[in-house]
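Participant: compute the structure for the input listed below.
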Amino acid sequence: MTFEEFKREELKRPEVRAEYEALEPEFSFMRAMIDARKKTGITQKQLAEKTGISQGDISKYESGSGNPSIRTLQRLAAGLGMRVKIEFQTMTKV
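Facilitator: Okay, here's the model as predicted:
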């Protein structure tokens, strides 16, 4: 069984689906940060030098074990030559 097959099967369970959906905002942030950094072609170390945020903290944010403030997100975005956009979306019922 592949990981995707396993995931598809597990998400059929309501308690697993609920937990997975609750974590989606964190996963989205992690993906967005990693994608933005890779798009600009800089390393965590280079981003740390540009922002004054430690490479260790950047690593924590990208792995989901850190919880950056909005101000920190703005510093990271600026270091990438980008800006932060936060929006609220209507929840859909499954």
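Participant: what strand or helix carries Glu4?
Facilitator: When elements are assigned from DSSP states H and E, Glu4 belongs to helix 3-10.
Participant: read off the pLDDT value for the residue nearest to the spatial centre of the chain.
Facilitator: The centroid of the chain falls nearest to Met30 when counting by CA atoms, centre = their mean (1.4 Å). Confidence per residue is given as pLDDT, and for Met30 that number is 91.
Participant: only alpha carbons, please: show stretch 43-62 as CSV.
Facilitator: Once non-C-alpha atoms are left out, stretch 43-62 reads as follows in CSV (Å, rounded to 0.1, in the frame of the first residue of the first chain):
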residue,chain,number,x,y,z
THR,A,43,18.8,28.8,1.7
GLN,A,44,17.5,29.0,5.3
LYS,A,45,20.9,30.3,6.3
GLN,A,46,20.7,33.1,3.7
LEU,A,47,17.2,34.0,4.8
ALA,A,48,18.4,34.1,8.4
GLU,A,49,21.1,36.5,7.4
LYS,A,50,18.7,38.8,5.5
THR,A,51,16.1,38.8,8.3
GLY,A,52,18.0,38.5,11.5
ILE,A,53,15.9,35.5,12.4
SER,A,54,18.0,32.5,13.4
GLN,A,55,18.3,29.6,10.9
GLY,A,56,17.1,27.3,13.7
ASP,A,57,13.9,29.2,14.0
ILE,A,58,13.3,29.3,10.3
SER,A,59,13.8,25.5,10.3
LYS,A,60,11.3,25.2,13.1
TYR,A,61,8.7,27.3,11.2
GLU,A,62,9.2,25.2,8.1
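Participant: hey, where'd the helices end up in this structure?
Facilitator: Under the criterion DSSP state H, the chain contains helices at 3-10, 14-40, 44-51, 55-63, 70-79.
Participant: surely Ile34 is in contact with Tyr61?
Facilitator: No - Ile34 is not in contact with Tyr61 according to CB atoms under 8 Å; the separation is 9.4 Å. Yep, even glycine has a C-beta here, placed from its N, CA and C like the rest.
Participant: before we move on, the earlier item: list of residues touching the helix holding Glu4?
Facilitator: By CB atoms under 8 Å, 6 or more residues apart in numbering, the surrounding residues in contact with helix 3-10 are 1, 16.
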